[in-house]
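[1] pasting a predicted model and its sequence here:
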Amino acid sequence: MDGICTNPSGISTQCETASGSGPLTFEFYNMATGTYFLMVSTNPGVGNILTNFDICGTQSLAPPLAVGPEQDCYGALPVCNQIYTQNLSYSGFWDTDEIPDGTTCLYSGENNSVWYIFTAQANGYFSFMLNTVKDYDWALYNLTAIGGCSAIPTSTPVLCNYSDDYGNTGATLPVDATIPRSEPWNGPATMPGIPVTAGTTYVLIVDNWTGDANGYTLDFGSSDVVDVTKPFMVSASASCTDNTIMLTMNEEIKCLTVSPNDFILTNTTTGQNFTGAITQIIGYNCSGSGGYATQIQITHNGTLTSGVYEIKINTNPVLADKCDNIINAGSTINFNYLASITLTPNVTMLCDPGTVNFTATGAPQNQANIYNLNPGNLFSNSDAGGNGAFNAVSVSNTTTFTLSVTYGGCTKTASQAITVYSSIIVSIDPVNPQICSGTTTLTAYVMVNGSDQSATSTYLWSNSATTQAINVGPGTYTVTATTSVGCTGDNVPTSTVSLASAGGGSNCNVYYVNSVSVAGDCLTKATAGGLITAIDLCNCNNAIIKMQIGIYNLSDKVDVNSYVTIEGGFTSNFTIKTSDMSGGNNSTTIRRDITGDSDAPTSSCTAFKVQPNATSFRFQDLRIELPGSPNVPAHTDGTGLSNYGIRMGTGCTSYNIVRCYIDAGKGAEP
């Protein structure tokens, strides 16, 4: 025999011998595991001769196939040299088969593929040659035109070659500007290249149809696609909302080569160096610790002042692109930055309508009409310190002013409220109180534009006292109040303290009251009288008012002073006592109508009003029903009246309220 035949396809073959005493048959079998078997047999139909023979074979192991992220567009290998030698061929694909079956000339999608990426370095042309003895296919996509790798599955390549010819394949000169173009399985292995424009990025997929394991060589000839250009800064811009600056490069750079030592940051307007204010510099949206980015994010500590900034590359930089081309030392780029601004008035409060002077800070130096103040749409320049001024701004009522500055694509604002005290109302509580003896406390209050500023105001009473509250005996008192910013009250209130006359029934100490009588003197069980009469008779007398059960209707407050007890729950002969609080005629039920109190007709609706500093008084076994409760008509909204069952003045002592039921009803809405 002459030898052993091999099968290029690696599946099976049959070889006939050319000499010997009888024909021998050789068959090779390639099992799915990669194991090969050789079967040798004679042909019994020819001479039935047994033949002795020797077998001498050799084995050549193919190199292993490669896998890696470069088998997806996102991990494509950069074209950094004219000649690219691929020692190992690839197997399968990485994460994704990015070319769906039947959507391109690569009819069956990716087969043992790898991707290469490059950016045209000049206006010129693209050609290449893949040197091989096997069947390789390929396709070229314009990434710039389709918007990136994510668009590959739905995009058409500009060039595509699916020829089943063995041997070299690629794009040749002269170029053809017609795109897209493709060659089918029975087309030629080479086709004309294309013209390219500087800055346009392409990605090339190489498809190993035959599963070749021996690699290939890519020769880009004199194409204008090999990256030998140093990366450079294209633009820089400062964020309007946080302390970051985004630096955009002309191409992807290696994230691991981003070093803070490469950058110098200077405010060119003031000449101040702010490199020390940089807290972090990273490749923007880099994956993990490696990867590539077209942007670099610079984070600072917020101390930058407004103006024009320069980013300069320091000496001996390490910032490099995918092909290890390092950025030029000394290269620069500028951007505009707007820091926070402030608005400061000379006063924040006015006693009356007037004018305010404002100072504005934070804008860049020497800018015309950089500051805008509203309301009023007023403008101010910035001086050599970045400051502006708005003088004698008219303020007629409480107003919030807003300052705005627009610079470097950002707008920032600052606000300041100016309060005008259009209403300063001073009051004394209580007004005109009656006392049985001794002294009582008068307290002054200040309301400014509806806000209580009593605690921060100062006071001068007619008796020369300067405290907010005074303890005084009978007499007439006035007070002048001044707010914390020196504004005097719009009024001077008066309160007269008087001694209550002893009740006319001074010889009696118990008064009997029912719900139907209105008069009487020393009201006895037999001659029970009305509640108001009894109150007048027992004033300051250490007297007791005993009230029968029944319904008592009140149209004004009932003033109560010291040393009085008002006790309900007595039956008609005043000999039996009940604590029934169920209401109506079962209880001593007091119903107050919707009329405002005579001393506060627009604010209060009170059943019993106890004088300030009253002492030793008692309420017991009373049911009090106020407007808005089930048995009393409600207030009309808009009257602003508040309900009080028992309203005590300040400083009351030694009192008792026992078994009293109060239904507060519902006060009126303002």
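    It's in. Numbers count the residues shown, from 1 in each chain.

[2] show me what the residue nearest to residue 493 when sequence neighbours are not counted bridges to in the sheet.
    Of all residues not flanking residue 493 in the chain, residue 428 sits nearest, at 4.7 Å (CB to CB, 6 or more residues apart in numbering). (Each C-beta comes from the backbone N, C-alpha and C, glycine too.) In this structure, residue 428 has the following beta-bridge partners (DSSP bridges): residue 444.

[3] residue 428: how many residues sit nearby?
    In terms of burial, residue 428 registers 21 neighbours under the definition other CB atoms under 10 Å.

[4] distance check, it against residue 489.
    According to CB to CB, to the nearest Å, residue 428 and residue 489 sit 11 Å apart.

[5] same check on residue 105?
    Taking CB to CB as the measure, residue 105 and residue 489 are separated by 92 Å.

[6] can you tell me which residues contact residue 453?
    Contacts of residue 453 were listed using CB atoms under 8 Å, 6 or more residues apart in numbering, and they are 446, 447, 483, 484.

[7] could you tell me how far it is located from residue 650?
    In this structure, residue 453 and residue 650 are 19 Å apart, going by CB to CB.

[8] before we move on, the earlier item: surely the residue nearest to residue 493 meets residue 440?
    No: here residue 428 lies out of contact with residue 440, judged by CB atoms under 8 Å, at a distance of 11.5 Å.

[9] off-centre distance for the helix or strand encompassing residue 477?
    Secondary structure assignment for residue 477, by DSSP states H and E: strand 475-482. Relative to the centre of its chain, strand 475-482 is centred 52 Å away, using CA atoms, centre = their mean, to the nearest Å.

[10] just the strands in the stretch 401-550 of the chain please.
    Using DSSP state E, counting those that start in this stretch, the strands of the stretch 401-550 of the chain run over 410-420, 424-429, 434-435, 440-448, 451-452, 458-461, 469-472, 475-482, 494-499, 510-513, 543-548, 550-554.

[11] give me the secondary structure label for residue 224.
    Three-state assignment for residue 224 (DSSP: H, G, I helix; E, B strand; the rest coil): coil.

[12] before we move on, what about the one 5 residues further on?
    Here residue 229 is coil, with the state taken from three-state DSSP.

[13] ditto for residue 366
    With three-state DSSP as the criterion, residue 366 reads coil.

[14] what about it, distance to residue 238?
    Distance of residue 366 to residue 238, given as CB to CB: 20 Å.

[15] next: residue 548.
    Relative to residue 238, residue 548 is positioned 85 Å away (CB to CB).

[16] again, but for residue 465
    With the distance defined as CB to CB, residue 465 ends up 61 Å from residue 238.

[17] okay, those two: which has more neighbours?
    Between residue 465 and residue 238, counted using other CB under 10 Å, the more crowded position is residue 238 (21 against 17).

[18] centre-most residue in this protein?
    Averaging the C-alpha coordinates of the chain gives a centre point, and the residue nearest to it by CA atoms, centre = their mean is residue 241 (11.0 Å).

[19] per-residue pLDDT, it?
    pLDDT recorded at residue 241 is 94.

[20] just residue 225 next, same as before
    The predicted local distance difference test score for residue 225 is 85.

[21] now do the contacts for it.
    Taking CB under 8 Å, 6+ apart as the contact definition, residue 225 lies against 79, 118, 119, 120, 121, 126, 196, 202.

[22] what residue spans form the domains of the chain?
    Here the domain assignment for the chain is 1-60, 69-219, 233-337, 342-420, 424-499, 510-663, based on automatic domain parsing.

[23] how about the strands in the stretch 201-350 of the chain?
    Ranges of strands in the stretch 201-350 of the chain, per DSSP E, counting those that start in this stretch, are 201-208, 216-219, 233-238, 244-254, 263-267, 272-273, 278-283, 292-300, 307-313, 332-337, 342-345, 349-350.

[24] repeat for the stretch 551-670 of the chain
    With DSSP E, counting those that start in this stretch as the criterion, the stretch 551-670 of the chain has strands spanning 558-560, 564-570, 588-592, 604-610, 618-620, 623-625, 642-648, 656-658, 661-663.

[25] contact partners of the first one?
    Outside strand 558-560, the residues within contact range by CB under 8 Å, 6+ apart are 434, 531, 532, 535, 566, 607, 608, 609, 610, 611, 614, 617.

[26] would a markdown table of those residues with neighbour count, pLDDT and distance to residue 320 be doable?
    As requested, the contacts of strand 558-560 are exported to a markdown table (neighbours: other CB atoms under 10 Å; pLDDT from 0 to 100; distance: CB to CB, whole Å):
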| residue | neighbour count | pLDDT | distance to residue 320 |
| --- | --- | --- | --- |
| 434 | 21 | 81 | 95 |
| 531 | 20 | 90 | 100 |
| 532 | 15 | 88 | 101 |
| 535 | 21 | 87 | 99 |
| 566 | 28 | 96 | 96 |
| 607 | 22 | 97 | 89 |
| 608 | 23 | 97 | 90 |
| 609 | 20 | 95 | 89 |
| 610 | 22 | 93 | 89 |
| 611 | 22 | 89 | 91 |
| 614 | 26 | 88 | 91 |
| 617 | 23 | 93 | 93 |
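
[27] make a markdown table from those residues and add distance to residue 96 to it.
    Listed next are these as a markdown table, based on distance: CB to CB, whole Å:
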| residue | distance to residue 96 |
| --- | --- |
| 434 | 94 |
| 531 | 94 |
| 532 | 96 |
| 535 | 95 |
| 566 | 91 |
| 607 | 83 |
| 608 | 86 |
| 609 | 85 |
| 610 | 86 |
| 611 | 89 |
| 614 | 89 |
| 617 | 90 |
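
[28] so which of the residues you listed comes closest to residue 593?
    Within these, distances to residue 593 taken as CB to CB reach their minimum at residue 607, with 10.4 Å.

[29] where does the stretch 151-300 of the chain have low pLDDT?
    Residue ranges of the stretch 151-300 of the chain with pLDDT under 70: 287-290.

[30] er, the chain actually
    The low-confidence ranges in the chain, as defined by pLDDT under 70, are 1-64, 287-290, 501-507, 519-521.

[31] show me where it has helices.
    Applying DSSP state H to the chain gives helices spanning 143-146, 531-538.

[32] tell me which of the ones you listed is the most buried.
    Burial among these, expressed as mean neighbours by mean count of other CB atoms under 10 Å, is greatest for helix 531-538, which shows a mean of 21.

[33] can you give me the angle it makes with strand 604-610?
    Taking axes from the mean of the first three to the mean of the last three CA atoms, to 10 degrees, one finds that helix 531-538 is oriented at 30 degrees with respect to strand 604-610.
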